[in-house]
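[1] one predicted model, sequence on top.
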Amino acid sequence: MPDVLCEMAEPPEEEGAAVSLVLRGLSYPQTRRQAYRVVPRGALTRAQLQLLEGAGEDEFTRFVKSRARLHGWRGWHLRDSEGVIESVHTLRFDGFCDGLGLPDWQFWHEDLGQHFLAELKGAGGTLGVRQKTAIASLRRGGTPVFVWWPRDALQVEHVFEHGLGGEA
């Protein structure tokens, strides 16, 4: 039975086509032939919104990724900004680091020519001090930044469906 946010579709005709697959099981013989593509459905239902209300960050992230994919957005996730990013300012010399507190996700849409950063939080998540500072700085610098919790699912859907500043 497919997930509530997904429906089954026929597997692609082309060999080696990149799709998300759901398999019967790793040990099941010839699982590739038994696989089917998972395609997110269109409009969100009231039940889906209620299920998201108490979602943790991982579950909410899966939701956001599915909505981005459905509407043609691309994106990447930064797991550990402190260990990966080199910044102009450093804690040692300047007392702050530009890389600390950066939003985890960057999304862009080639056809719309738009991009934005997003920090995703679970239902009980809060922004840290460094995150608040970095997000405020990015916004002052003209970068669109969203902070989304599961309760913001309709805004997430609106942004991915209509773009930044898009009208319904």
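    In hand now; what should we look at?

[2] export the helix ranked longest in the chain as PDB, just CAs?
    As assigned by DSSP state H, the longest helix anywhere in the chain is helix 57-70. In PDB, the C-alpha atoms belonging to helix 57-70 read as follows (Å, rounded to 0.1, in the frame of the first residue of the first chain):
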ATOM      1  CA  GLU A  57      12.200  17.100  11.600                       C
ATOM      2  CA  ASP A  58      13.000  14.000   9.500                       C
ATOM      3  CA  GLU A  59       9.400  13.400   8.700                       C
ATOM      4  CA  PHE A  60       8.800  17.000   7.800                       C
ATOM      5  CA  THR A  61      11.900  17.100   5.600                       C
ATOM      6  CA  ARG A  62      10.600  14.100   3.600                       C
ATOM      7  CA  PHE A  63       7.300  16.000   3.100                       C
ATOM      8  CA  VAL A  64       9.200  19.200   2.000                       C
ATOM      9  CA  LYS A  65      11.400  17.200  -0.400                       C
ATOM     10  CA  SER A  66       8.300  15.500  -2.000                       C
ATOM     11  CA  ARG A  67       6.600  18.800  -2.600                       C
ATOM     12  CA  ALA A  68       9.700  20.400  -4.100                       C
ATOM     13  CA  ARG A  69      10.100  17.400  -6.400                       C
ATOM     14  CA  LEU A  70       6.400  17.500  -7.400                       C
END
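
[3] was I right to think C97 contacts T133?
    No. Applying Cβ atoms under 8 Å, one finds C97 not in contact with T133, separated by 10.3 Å. Any C-beta I mention is one placed from the backbone N, CA and C, and that applies to glycine too.

[4] so between these two, which is more surrounded?
    Neighbours were counted for C97 and for T133 using other Cβ atoms under 10 Å; C97 has more, 21 against 14.

[5] can you tell me how far the more buried one is from R69?
    32 Å (Cβ to Cβ, to the nearest Å).

[6] show me what contacts L154?
    L154 is in contact with L44, L49, counting by Cβ atoms under 8 Å, 6 or more residues apart in numbering.

[7] bridged to R74, which residues?
    Under DSSP bridges, the beta-bridge partners of R74 are W108.

[8] now for the helix or strand encompassing L138, which elements pack on it?
    Following DSSP states H and E, one finds L138 within helix 129-140. Here helix 129-140 touches strand 114-120, strand 145-148, going by 3 or more Cβ pairs under 8 Å, 6 or more residues apart in numbering; DSSP states H and E.

[9] can you list the domains in the protein?
    1-41, 43-162 (automatic domain parsing).
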